[in-house]
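Peer 1: sequence? don't have it. structure:
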């Protein structure tokens, strides 16, 4: 079945560092990718929707300059947390789908980000 | 807007007990409905789906039926195992909404031996 690979799975870094998270669809073309943030024991909060070759659409309250999203190809989207601070620590999950064939979303395994 | 309401947890059951996790929804269009499962420290895995009224999704002994008249998609399993312990999310997706999914708050299931 469809597989979405997310990397890294876990990162710890100092405050002020920028962190890039990659999301790859391994066996299908992801016309659309989604980035979520999940706090402990809570549901997923959609941060942004990215479509290949166009700018991401951010949900209300999400800082686009803080969370840079690039969807440069049909198999890769990246989320860069710029100048990360402790309050950015969270579990970030990407998902991908091919709208052309009405697939459900397929999720990566998530990235645990800890900012010291 | 679209919304999903899930039965609040946590739910604790003994092994081989019957499981029901309720899910109801509101949607502006004609949604597809999904159940996802999340194991600790992992992303979400699609458990089952249904794309039209009266469809039954099933996988690994879990079932859910798309009930348009009651706007529900309750998850059931006849005999749970310890390995079923996880968080379960009900979700809907309407293609007209840029393919976004709307998730419920999740229900934590713990199965004790």
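Peer 2: Nice, I can see it. Not measured: the values here are computed from a predicted model.

Peer 1: Where does the prediction get shaky in the chain?
Peer 2: Here I'm looking at chain A. A:1-2, A:99-103 (pLDDT under 70).

Peer 1: You answered for a different chain; I wanted chain B.
Peer 2: For chain B (pLDDT under 70), the answer is B:95-98.

Peer 1: what does it have sitting close to chain A?
Peer 2: B:32, B:34, B:36, B:41-46, B:49, B:51, B:89, B:93, B:95, B:98-101, B:103-106, B:108 (Cβ under 8 Å from any Cβ of the partner chain). (C-beta placed from N, C-alpha, C; glycine too.)

Peer 1: Point me to the helix or strand that includes the nearest residue to residue A:12 once chain neighbours are set aside.
Peer 2: With sequence-adjacent residues excluded and distances taken as Cβ to Cβ, 6 or more residues apart in numbering or on different chains, residue A:12 is closest to residue A:114, at 4.6 Å. Residue A:114 belongs to strand A:111-115 when assigned by DSSP states H and E.

Peer 1: Give the other helices and strands that that strand contacts.
Peer 2: Counting by 3 or more Cβ pairs under 8 Å, 6 or more residues apart in numbering or on different chains; DSSP states H and E, the packing neighbours recorded for strand A:111-115 are strand A:10-13, strand A:19-25, strand A:90-97.

Peer 1: Make a markdown table from those and add mean neighbour count to it.
Peer 2: Shown next, in a markdown table, are the helices and strands packed on strand A:111-115 (neighbours: other Cβ atoms under 10 Å in any protein chain shown):
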| stretch | mean neighbour count |
| --- | --- |
| strand A:10-13 | 14 |
| strand A:19-25 | 21 |
| strand A:90-97 | 25 |
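
Peer 1: Would you convert the ones you listed into JSON lines that also reports distance to residue A:65?
Peer 2: Output for the helices and strands packed on strand A:111-115, formatted as JSON lines (distance: least, Cβ to Cβ, whole Å):
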{"stretch": "strand A:10-13", "distance to residue A:65": "19"}
{"stretch": "strand A:19-25", "distance to residue A:65": "15"}
{"stretch": "strand A:90-97", "distance to residue A:65": "17"}
